[in-house]
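1. here is my input; please provide its structure:
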Amino acid sequence: MRRRTGLTIAGAATLAWGEWLNWRWSRALTGEGGGESEAVVVLGYRNPQATANFINRWRVRAGIRSVDADRARETHVIFSGGAPGGGVAEAELMADYAQSVLGFDGSVLLEDKSTTTWENITNVIPLLEDVDRIKIVSQPAHALKARAYLRRQRPDLAKRLVRADDYRPGEWLIVKPLLALYGLWSLRGFTAAERKGTP
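-> Presented below is the predicted three-dimensional model:
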C-alpha cells in the first residue's frame, strides 16, 4: 500500500512539475502590450506528409484561439515554416488546415522559407514591423526559444511580445513532463534571464 501511495504521489508530482514548467515558459519574455494591431506567428514542425501532421494541427488550433476577439480585424496570422525535406512547405500545410478544415477566414500570411527556429524569426521580422502586439505560438518551450531569438535579433520588436494561448491547464497533461524535459534540454544554451523572462 505504501509503495502504491508513493508511486501515486511521485506521479502526481511529476505531472505538476511538467504543468508548472510549461506554464512558466508560456509567460516568459512577454508583456502586456498595447495598440490595436497584432500578429500571431505559428511555428511549423517537421511535416514530410502531404497534410498537416498532429503537432502542426494542434499549433494551428492554438494559433487561431490566440487571436484576440476584440482585435480579430486587425490581426494577421502568420504561418512560418519551409519544406526542409522538399515537398510542400509547413506554412502552406498549416494555412490549408486552418482555412479548409477549421474554416478560419481571417488574414493569413505565409513565411515558407525557414528551416530552423532562428530562420523562422529572421524571416517573419519584415511582417512584424508595423504591428503593436506579437504572439508566438508553439509548445511553450519552443515558443520561448523563438521569443528569445526575437529579443536577440530585434529587441525593439521583442518589447511588443504578449502571451499567446498555447498553454492551457490539463492540455497535453500526460506528456507535459516529457515536454518539460525536452524543453530544459533545448533551452540549455540560453541565459537564466531568457529562460525566466527577466530583464
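
2. how about the helices in this protein?
-> Assigned by DSSP state H, the chain shows helices spanning 2-27, 54-65, 90-96, 117-128, 140-153, 155-158, 176-186, 192-196.

3. take those helices and lay them out in JSON lines including distance to V42 and mean neighbour count.
-> Quick note: C-beta positions are derived from backbone N, CA and C, even for glycine. Listed next are the helices of the chain as JSON lines, based on distance: least, Cβ to Cβ, whole Å; neighbours: other Cβ atoms under 10 Å:
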{"stretch": "helix 2-27", "distance to V42": "15", "mean neighbour count": "14"}
{"stretch": "helix 54-65", "distance to V42": "4", "mean neighbour count": "20"}
{"stretch": "helix 90-96", "distance to V42": "6", "mean neighbour count": "24"}
{"stretch": "helix 117-128", "distance to V42": "10", "mean neighbour count": "19"}
{"stretch": "helix 140-153", "distance to V42": "10", "mean neighbour count": "23"}
{"stretch": "helix 155-158", "distance to V42": "17", "mean neighbour count": "14"}
{"stretch": "helix 176-186", "distance to V42": "17", "mean neighbour count": "17"}
{"stretch": "helix 192-196", "distance to V42": "22", "mean neighbour count": "15"}
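
4. which among those is found nearest to G106?
-> Among those, helix 54-65 comes nearest to G106, with 8.0 Å by Cβ to Cβ.

5. dump the helices of the chain to a markdown table, plus distance to P169 and mean pLDDT.
-> Below are those laid out as a markdown table (distance: least, Cβ to Cβ, whole Å; pLDDT from 0 to 100):
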| stretch | distance to P169 | mean pLDDT |
| --- | --- | --- |
| helix 2-27 | 7 | 83 |
| helix 54-65 | 14 | 97 |
| helix 90-96 | 25 | 97 |
| helix 117-128 | 26 | 98 |
| helix 140-153 | 12 | 97 |
| helix 155-158 | 27 | 96 |
| helix 176-186 | 10 | 90 |
| helix 192-196 | 20 | 77 |
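
6. out of these, flag the one nearest E74.
-> Evaluated with Cβ to Cβ, the helices of the chain place helix 117-128 nearest to E74, the distance being 13.8 Å.

7. dump that closest one to PDB, keeping only the CA atoms.
-> Only the C-alpha atoms of helix 117-128 are listed here, as PDB (Å, rounded to 0.1, in the frame of the first residue of the first chain):
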ATOM      1  CA  THR A 117      13.700  28.400 -35.400                       C
ATOM      2  CA  TRP A 118      16.300  31.100 -35.900                       C
ATOM      3  CA  GLU A 119      15.300  31.400 -39.500                       C
ATOM      4  CA  ASN A 120      11.600  31.400 -38.500                       C
ATOM      5  CA  ILE A 121      12.200  34.600 -36.600                       C
ATOM      6  CA  THR A 122      14.600  36.200 -39.100                       C
ATOM      7  CA  ASN A 123      12.100  35.700 -41.900                       C
ATOM      8  CA  VAL A 124       9.000  36.900 -40.200                       C
ATOM      9  CA  ILE A 125      10.500  40.100 -38.900                       C
ATOM     10  CA  PRO A 126       9.500  42.100 -42.000                       C
ATOM     11  CA  LEU A 127       5.900  41.000 -41.400                       C
ATOM     12  CA  LEU A 128       6.100  42.300 -37.800                       C
END
